[in-house]
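*Asks:* Mind folding the following:
(2 chains)
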Amino acid sequence: MTTVVSRPRAASAYLPRLVGLATVILALLLAEAIIRIGWISQFIVPPPSEIAASFARLFLEEHIVHRFFYTVGECLVAGVMITVCGVGIGVLMHRVRLLQQACETWVAALASAPFVLAYPLFMVIFGRNAWTIIMMGFVSGLPPVILKTIEGISGTRRVLVNVGRSFNLTGSQQFRKILFPAAMPTIFVGVRLGLVFALINIVGTEFLINFGGLGQLINDLAERYDLGGTYAAICFVILVSVCFFMALEQVERWLRPVD
Amino acid sequence: MVKTGRLTRTSAAGPLLSPVTLLRIVLVLALLAIWELLARSGLLYRDVVPSLVRIARALGSLLSDGGYYYNLGVTAGEIGIALLIGGFSGIAVGLLLGGNRFLAKAFEPYLYYLGPTPKIIFFPVMIMWFGVGSESKIALGTLSCFFPIALNVAAGMRQIDTVLIRVGKSFRATTAQMVRKIYLPAMRHPIINGVRLGFGFALIGTLLAETKLSNKGIGFLIIQAYSTFDMPRMYAMLIVLFVLAIGANAAIGRLGGLDAIKRT
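*Replies:* A predicted model of the protein is given here:
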């Protein structure tokens, strides 16, 4: 009986997703037709089939897997730096209340500052190499981690802190066993935001300074006027960032406490 | 008769500056002192960290340069148009997705996951579509600000008090009337928040595009200062840009009354 009731419900749950997917496929087919007819020039927008065919070339000739791991490596280094420094500064600001009161608004203001525009400055300081890219990712991803660390530790439930006190925990024990684990889900929200900002800025800087992994590949292909390759590389970067975003969301869901 | 007098404020002998303000001043002064020491130490290449006096001089000459204001106007115009196009389309899409559960489930995941992708990688495509002039920068700015505005408006619309919607429907308001008289006024804050976020993204998108390929605008001036290794000028431009960006962000929030919400 229940299966009879749940079947239409399950079908209706999938219907919107199917409609969304069907619309995307239809749009691609329509684009293919319009470009083939010649209403849109193939020298501006290549047909989707040509873009799909260019993927093989990206793997065989452009070493996209190597470039992907290069970008991932940069993200990893920036991510470790963001997490270590962000959480460290956040904990310090939480511990020294005066410092938090004085600097929290500054950090919030820095979070909205367009750091990526300082990339020429970073190129002068670090040179045209991977460190410029990593540092761009680092500075743009740092503020959310600091802010969320402060928020997470400050938001620890009073009852948990009192339990720690009743066990006569020392300051560092209280931090390691109560405050930090309780703040972990909120801190990860900050780390997730920081990593997303870092990825955006790392790929963006690679593109702008024409150095590194995936961003440079797009720039290279565009300069060679390899239209199919350029569009395929852009699609690949979109795919990578969507997968990255989804993976981070899964980890965040896993860390979130069950109410 | 008891003499009643005016209440007078007792002169509380508190400190002139609060500890927070004092610490802020100390931190800023320490930072400036470290900078100046680094500039004079010779540890770094000359001009990588120019002295504060040279940066201040560059700032002065930048602000008294008419050409700078022309380029600032070009960039401001591009960002304004991008925000206008991206804002209107973002609000329209957000209203559509927020008001229809089916459409939201069908299409919002695409917006949600495309939102955090680096938009600058679309610049080669924008150049092919719109040319090397201002149009491609406006297009990139539009693309950058569209996603946060659409997602914010959609989320905001779902949070509208259902009582307001029922009131509108009980008055048999048409769809246009519902949008004008219920949805938009009730969603003022999510829209302003979205526009504020969108402004930041439009600014970054437009300026990055200018640094990549342009012959006018602030992005062009920054990359020109880099090419001629005029570091004090580059620092000065970045300082002005950061101040303008943070100021405009705060101004949009204030215009929308967001600061009033936080205070209450």
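*Asks:* and the residue in the stretch 151-264 of chain B that chain A sits nearest to, what is it in contact with?
*Replies:* Nearest residue of the stretch 151-264 of chain B to chain A: residue B:226, at 3.6 Å (C-beta to the nearest C-beta). In this view, the C-beta of every residue, glycine as well, is placed from N, C-alpha and C. Shown in contact with residue B:226 (C-beta atoms under 8 Å, 6 or more residues apart in numbering or on different chains): A:120, A:121, A:123, A:124, B:234.
*Asks:* Residue A:77 too?
*Replies:* residue A:134.
*Asks:* The contacts of residue B:226: which two are farthest apart?
*Replies:* Using C-beta to C-beta, the contacts of residue B:226 reach their maximum pairwise distance at A:123 and B:234, which is 10.6 Å.
*Asks:* Residue B:199 - how many residues pack around it?
*Replies:* 26 (other C-beta atoms under 10 Å in any protein chain shown).
*Asks:* Quickly find the element holding it.
*Replies:* Using DSSP states H and E, residue B:199 sits within helix B:188-212.
*Asks:* Quick one: name the residues of the stretch 51-200 of chain A near chain B.
*Replies:* A:98-99, A:101-103, A:109, A:112-114, A:116-121, A:123-125, A:196, A:199-200 (C-beta under 8 Å from any C-beta of the partner chain).
*Asks:* Which members of these occur in helices, if any?
*Replies:* A:98-99, A:101-103, A:109, A:119-121, A:123-125, A:196, A:199-200 (DSSP state H).
*Asks:* Ranking by neighbours, what's the top pick from these?
*Replies:* Highest neighbour count within these, by other C-beta under 10 Å: residue A:199, with 28 neighbours.
*Asks:* if I pick the nearest residue in space to it that is not next to it in sequence, what's in contact with it?
*Replies:* Computed as C-beta to C-beta, 6 or more residues apart in numbering or on different chains, the closest residue to residue A:199 that is not its neighbour in sequence is residue A:75, at 5.5 Å. Taking C-beta under 8 Å, 6+ apart, we find residue A:75 in contact with A:137, A:195, A:198, A:199, A:202.
*Asks:* Mind checking what secondary structure residue B:151 has?
*Replies:* Classification of residue B:151 using DSSP: H, G, I helix; E, B strand; the rest coil returns helix.
*Asks:* so how far is residue B:143 from it?
*Replies:* 14 Å (C-beta to C-beta, to the nearest Å).
*Asks:* same check, this time on residue A:244
*Replies:* 20 Å.
*Asks:* okay, these two: which has more neighbours?
*Replies:* Neighbour count, other C-beta under 10 Å: between residue A:244 and residue B:143, residue B:143 has more, with 22 against 17.
*Asks:* pretty sure that one contacts residue B:121?
*Replies:* No. The pair residue B:143 and residue B:121 fails to qualify as a contact (C-beta atoms under 8 Å) at a distance of 10.7 Å.
*Asks:* Give me the common contacts of the two.
*Replies:* Contacts common to residue B:143 and residue B:121, judged by C-beta under 8 Å, 6+ apart, are absent.
*Asks:* The longest helix that chain A contains near chain B at all?
*Replies:* Longest helix of chain A, by residue count under DSSP H: helix A:2-37. Yes. Using C-beta under 8 Å from any C-beta, helix A:2-37 reaches chain B at A:15, A:16, A:17, A:19, A:20, A:23, A:24.
*Asks:* are any of those buried, and which?
*Replies:* Among these, those buried by neighbour count (16 or more other C-beta atoms under 10 Å in any protein chain shown) are A:16, A:20.
*Asks:* For residue A:62, give me phi and psi.
*Replies:* Backbone torsions for residue A:62, taken as degrees, to the nearest 10, come to phi -100, psi 0.
*Asks:* what's the pLDDT at it?
*Replies:* Looking at residue A:62, its pLDDT is 88.
*Asks:* Report how many residues lie close to it.
*Replies:* 19.
*Asks:* what does residue B:57 give?
*Replies:* Neighbours around residue B:57, by other C-beta under 10 Å: 15.
*Asks:* do residue B:54 as well
*Replies:* 16.
*Asks:* Quick check: the gap between it and residue B:133.
*Replies:* Distance of residue B:54 to residue B:133, computed by C-beta to C-beta: 35 Å.
*Asks:* which residues sit in contact with the closest residue to residue A:108 other than its chain neighbours?
*Replies:* Among residues not flanking residue A:108 along the chain, residue A:147 sits closest, at 6.4 Å (C-beta to C-beta, 6+ apart). By C-beta under 8 Å, 6+ apart, the contact list for residue A:147 reads A:90, A:104, A:107, A:108, A:111, A:190.
*Asks:* hang on, the earlier thing: tell me which residues in the helix or strand hosting the residue of the stretch 151-264 of chain B closest to chain A are buried?
*Replies:* Assessed by DSSP H and E, residue B:226 sits inside helix B:218-227. Of the residues in helix B:218-227, those with enough neighbours to count as buried (16+ other C-beta under 10 Å) are B:218, B:219, B:220, B:221, B:222, B:223, B:224, B:225, B:226.
*Asks:* Show me what secondary structure element comes after it.
*Replies:* Past helix B:218-227, the next helix or strand by DSSP H and E is helix B:231-255.
*Asks:* Specify the angle between that next one and helix B:218-227 in degrees.
*Replies:* Angle between the axes of helix B:231-255 and helix B:218-227 is 160 degrees (criterion: axes from the mean of the first three to the mean of the last three C-alpha atoms, to 10 degrees).
*Asks:* Report the angle between helix B:231-255 and helix B:188-212.
*Replies:* Helix B:231-255 runs at 160 degrees relative to helix B:188-212, counting by the same axes, to 10 degrees.
*Asks:* which helices and strands does helix B:231-255 pack with?
*Replies:* Contacts defined by 3 or more C-beta pairs under 8 Å, 6 or more residues apart in numbering or on different chains; DSSP states H and E place helix B:231-255 against helix A:119-126, helix B:52-63, helix B:188-212, helix B:218-227.
*Asks:* average pLDDT for the last one?
*Replies:* Averaging pLDDT along helix B:218-227 yields 90.
*Asks:* now do the third one
*Replies:* Taken as a whole, helix B:188-212 has an average pLDDT of 87.
*Asks:* Counting by contacts, list what that helix packs against.
*Replies:* Checking 3+ C-beta pairs under 8 Å, 6+ apart, helix B:188-212 ends up next to helix A:180-209, helix B:66-99, helix B:123-130, helix B:134-158, helix B:218-227, helix B:231-255, helix B:258-263.
*Asks:* Compare these and give me the one nearest residue A:48.
*Replies:* Using C-beta to C-beta, these put helix B:123-130 closest to residue A:48, at 13.8 Å.
*Asks:* tell me the contacts of the most centrally placed residue in chain B?
*Replies:* In chain B, the centroid-proximal residue (C-alpha atoms, centre = their mean) is residue B:200; its distance is 3.3 Å. Taking C-beta under 8 Å, 6+ apart as the contact definition, residue B:200 lies against A:112, A:114, B:245, B:249.
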